[in-house]
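A.B. asks: just to be clear, the model below is a prediction. Sequence and coordinates:
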2 protein chains.
Amino acid sequence: MESRELRYFVAVAEELHFGRAAQRLGIAQPPLSRAILQLERRLGAALLRRTSRSVTLTEAGEVLLREGRTALDALEAAEHRAQRAARAAAGRPALVLAAKAGASSELLAKLLHAYAAEPGSIHVDVMLCRPGAQERLLRNGQADVAVLHRPFDETTGFDTEEILTEGQVAVLPAAHTLATRKTLHLKDLADAEDLPTPRWPGPDGTYPAGPGPEVQSHTQLLQLVSLGRALMVAPDSCRSQLRDDVVAVPVMDAPKVTTVIAWPPHSRSQAVATLVRTALRL
Amino acid sequence: MESRELRYFVAVAEELHFGRAAQRLGIAQPPLSRAILQLERRLGAALLRRTSRSVTLTEAGEVLLREGRTALDALEAAEHRAQRAARAAAGRPALVLAAKAGASSELLAKLLHAYAAEPGSIHVDVMLCRPGAQERLLRNGQADVAVLHRPFDETTGFDTEEILTEGQVAVLPAAHTLATRKTLHLKDLADAEDLPTPRWPGPDGTYPAGPGPEVQSHTQLLQLVSLGRALMVAPDSCRSQLRDDVVAVPVMDAPKVTTVIAWPPHSRSQAVATLVRTALRL
DNA sequence: CATGAGCGATACCGCACGGGTATCGATGGG
DNA sequence: CCCATCGATACCCGTGCGGTATCGCTCATG
């Protein structure tokens, strides 16, 4: 199977619409139809059920979408890593670390500081990204190592080490009635109808339906909290970054959050190994 | 990057010779040279150092070879798994299990028997293959699950569960002087110059240099042992398959062998999950 | 029920690119 | 010193990919 065919299929499978998929790919619709037809003939399996009104995935199509995405990521990863190896050999060795913007920032600072003190350490490029985006950067080779948070981020297929486990707090406007409580439970938050739970975009960039405001970053969310328009549930360690117009109250029954450091399973990099060892000593 | 280019590069990187690589790919040498050149231009990185007498890999080339192989395997895996999903949907669901021919055969029999008794179990195709070949079958999607043996088989990148850990025995001709001993150590075997250690082919099909006979299968090796031409070191459980012209003596300082069941980390298959659960109960 | 809009498939065309042959230029062995 | 070996270059050809035009089907609409 050629990677071009697979890219075409993934586009159609994600859009479930030949016209939009073709637009996204920058080609016309007819060659796209043909390419998919040819792919199906070559595989000897139907991937899509089409009517003139809708396109749906068959069983085989679902599998090819899932497996195909990881294959395309692996292809990109090979490309990126080879390019970075070339740059490293040319005298600018660097490690790229992906982290969620605004999360674990104290821990991250400590880690970078401790690693820089290690013998033989190299420059670390920190990529701060949208929540959930680190996983993809690691899968497609743009990053060498990532800081992830279970259970929010998916870690299947990576090697990981746990760095820290912590509880979660609700961040509330200082003036809110719940702000005086010593502890809270998830039910208290669900009952506070004046403070809806914000909605984050999924991996595909769309928002789930619901009442809460749509947010894309933690700073944006924090501002909504201080304006009394939303509440935020986040790991304990976020307290160090709060301003004094908001209050953090422990949520007793919220799931524990584990900060992990993750790297691709075939990594042969000495630098990654050292960074992980440093992280475990924190 | 296109998969065709990557396949071409991997061929050249493995052969380290444009002519032979072209032959293996079924194309002429000049288009291959051009394709590699174009790939290097697109990546902006030299992958090969060529003289008219030799071809060697650069740093970036080494990385691209390693990462590229896994990317190509992932691509093949997507293809195979989609095809199998189509066949399964057409009413012949099956699970493909890869195992080393001649190893853990009792355990395997028990596993298959126990799994068949599970509610909702499906047909299991057993692929018996050359030692070390299971890994590749699992990586490129021809198998859904594999029985591997640490530390011999590489399990990085798979999800695994340990089934059994056992010591190793030396299998010797019944008439040999060492055959009367109750226990042995690796040094004893190294000193027995009349019984050289056999040489297995590497993943590339070539044999390491050395004095021992070249072997490809366990039956072949067992025959050499009973002829007094080689010795064999294998897990305890192989005893059940030995004929009475050979003797098994425990080797005290040989590494412990762990039989593990492994599956690709993104597997969503109910059948794989059931099989693994069954294996853990053995 | 007729009509038109929306969508995927088909027909057909042109050209870019992948692959072929011939040959060059460099390098090392006899 | 010459020839064998090997990768690169020059040049040509055909296939296959992408483009436009259009068809055929389905459903929403009045």
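C.D. replies: Yep, that arrived.
A.B. asks: close to chain B: what parts of the stretch 1-150 of chain A are there?
C.D. replies: A:1-4, A:6, A:43-47, A:58-64, A:66-68, A:70-71, A:74-79, A:81-83, A:85-89, A:141 (C-beta under 8 Å from any C-beta of the partner chain). Heads up, the C-betas are built off the backbone N, CA and C, glycines and all.
A.B. asks: and the residues you listed, which of them are in helices?
C.D. replies: If you go by DSSP state H, the residues of the stretch 1-150 of chain A next to chain B have A:3-4, A:6, A:43, A:59-64, A:66-68, A:70-71, A:74-79, A:81-83, A:85-89 in helices.
A.B. asks: got a quick ChimeraX command for the buried subset of the residues you listed?
C.D. replies: To isolate in ChimeraX the members of these that are buried, counting by 16 or more other C-beta atoms under 10 Å in any protein chain shown, one can use:
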select /A:3,6,43,59,60,61,62,63,64,66,67,68,70,71,74,75,76,77,78,79,81,82,83,85,86,88,89
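A.B. asks: can you say which helix or strand has A:Val12 in it?
C.D. replies: A:Val12 belongs to helix A:3-15 when elements are defined using DSSP states H and E.
A.B. asks: the inter-axis angle of whatever helix or strand comes next after that helix versus helix A:3-15?
C.D. replies: Once helix A:3-15 ends, the next helix or strand along the chain (criterion: DSSP H and E) is helix A:18-25. Following axes from the mean of the first three to the mean of the last three C-alpha atoms, to 10 degrees, one obtains 130 degrees for the angle between helix A:18-25 and helix A:3-15.
A.B. asks: what kind of secondary structure is A:Ala262 in?
C.D. replies: Of the three states, A:Ala262 takes strand under DSSP: H, G, I helix; E, B strand; the rest coil.
A.B. asks: ok, A:Leu195 to B:Arg136 distance?
C.D. replies: From A:Leu195 across to B:Arg136, the span is 54 Å (C-beta to C-beta, to the nearest Å).
A.B. asks: pull out the buried positions in stretch A:152-168.
C.D. replies: Within stretch A:152-168, the residues scored as buried using 16+ other C-beta under 10 Å are A:Phe152, A:Asp153, A:Glu154, A:Thr155, A:Gly157, A:Phe158, A:Asp159, A:Thr160, A:Ile163, A:Leu164, A:Glu166, A:Gln168.
A.B. asks: near chain B, from the residues you listed?
C.D. replies: By C-beta under 8 Å from any C-beta, the members of the buried residues of stretch A:152-168 lying near chain B are A:Gly157, A:Asp159.
A.B. asks: any chance of the buried residues of stretch A:152-168 in TSV with pLDDT as columns?
C.D. replies: Listed next are the buried residues of stretch A:152-168 as TSV, based on pLDDT from 0 to 100:
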residue	pLDDT
A:Phe152	92
A:Asp153	93
A:Glu154	92
A:Thr155	94
A:Gly157	91
A:Phe158	95
A:Asp159	95
A:Thr160	95
A:Ile163	95
A:Leu164	93
A:Glu166	95
A:Gln168	96
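A.B. asks: nearest to chain B among the buried residues of stretch A:152-168?
C.D. replies: A:Gly157 (4.0 Å; C-beta to the nearest C-beta).
A.B. asks: so who does that closest one touch?
C.D. replies: A:Gly157 is in contact with A:Thr70, A:Arg139, A:Pro265, B:Gly157, B:Pro265, B:His266, counting by C-beta atoms under 8 Å, 6 or more residues apart in numbering or on different chains.
A.B. asks: that one: helix or strand, and which one exactly?
C.D. replies: If you go by DSSP H and E, A:Gly157 is not part of any helix or strand.
A.B. asks: any idea which residue of the stretch 51-200 of chain A lies closest to DNA strand D?
C.D. replies: A:Ser52 (3.7 Å; C-beta to the nearest atom of the strand).
A.B. asks: part of a helix, is A:His266?
C.D. replies: No - judged by three-state DSSP, A:His266 forms no part of a helix; its state is coil.
A.B. asks: now do the phi/psi pair for it.
C.D. replies: Phi and psi for A:His266, reported as degrees, to the nearest 10, are phi -100, psi 10.
A.B. asks: just A:Val247 next, same as before
C.D. replies: When read as degrees, to the nearest 10, the backbone of A:Val247 gives phi -130, psi 140.
A.B. asks: quick check: chain neighbours aside, which residue is closest to A:Leu164?
C.D. replies: Leaving aside its sequence neighbours, A:Leu164 sits nearest to A:Thr259 (C-beta to C-beta, 6 or more residues apart in numbering or on different chains; 4.5 Å).
A.B. asks: got a list of what that neighbour touches?
C.D. replies: A:Ser104, A:Leu107, A:Val147, A:Leu148, A:His149, A:Glu162, A:Ile163, A:Leu164, A:Thr165, A:Glu166, A:Pro235.
A.B. asks: got a list of contacts for the one helix or strand A:Val233 maps to?
C.D. replies: Following DSSP H and E, the helix or strand that holds A:Val233 is strand A:232-235. The contact list for strand A:232-235 (C-beta under 8 Å, 6+ apart) reads A:103-104, A:149, A:166-171, A:189, A:197-198, A:218, A:221-222, A:225, A:251, A:254, A:257, A:259.
A.B. asks: repeat that with 6 Å
C.D. replies: A:Glu166, A:Gln168, A:Ala170, A:Val171, A:Leu221, A:Val225, A:Ala254, A:Val257 (C-beta atoms under 6 Å, 6 or more residues apart in numbering or on different chains).
A.B. asks: just these now: which is nearest B:Pro213?
C.D. replies: A:Val257 (57.1 Å; C-beta to C-beta).
A.B. asks: check contacts around the closest one.
C.D. replies: Applying C-beta under 6 Å, 6+ apart to A:Val257 gives the contacts A:His149, A:Glu166, A:Pro235.
A.B. asks: again, 7 Å this time
C.D. replies: Contact partners of A:Val257, counting by C-beta atoms under 7 Å, 6 or more residues apart in numbering or on different chains, are A:His149, A:Arg150, A:Glu166, A:Gln168, A:Pro235.
A.B. asks: related to what we said a few turns ago, need the per-residue pLDDT for the residue nearest to A:Leu164.
C.D. replies: We have a pLDDT of 95 for A:Thr259.
A.B. asks: what pairs with it across the strands?
C.D. replies: Beta-bridge partners recorded for A:Thr259 (DSSP bridges): A:His149, A:Leu164.
A.B. asks: how much space separates it from chain B?
C.D. replies: A:Thr259 sits 21 Å away from chain B, going by C-beta to the nearest C-beta, to the nearest Å.
A.B. asks: ramachandran angles for A:Glu161?
C.D. replies: Per-residue torsions, A:Glu161: phi -130, psi 140 (degrees, to the nearest 10).
A.B. asks: then the one 5 residues further on?
C.D. replies: Recorded main-chain torsions at A:Glu166 are phi -150, psi 160, according to degrees, to the nearest 10.
A.B. asks: with adjacent residues omitted, what lies nearest to A:Glu2?
C.D. replies: That would be B:Ser3: by C-beta to C-beta, 6+ apart, it lies 5.6 Å from A:Glu2.
A.B. asks: now that neighbour: how far from DNA strand D?
C.D. replies: 12 Å (C-beta to the nearest atom of the strand, to the nearest Å).
A.B. asks: from B:Leu137, how far out is that residue?
C.D. replies: From B:Ser3 across to B:Leu137, the span is 20 Å (C-beta to C-beta).
A.B. asks: okay, now A:Gln216: neighbour count?
C.D. replies: A:Gln216 is flanked by 14 other residues according to other C-beta atoms under 10 Å in any protein chain shown.
A.B. asks: ok, it - contacts?
C.D. replies: By C-beta under 7 Å, 6+ apart, the residues touching A:Gln216 are A:Arg130, A:Pro201.
A.B. asks: how many neighbours does the closest residue to A:Gly167 other than its chain neighbours have?
C.D. replies: Nearest non-adjacent residue to A:Gly167, counting by C-beta to C-beta, 6+ apart: A:Asp236, 5.6 Å away. Here the number of neighbours of A:Asp236 (other C-beta under 10 Å) works out to 14.
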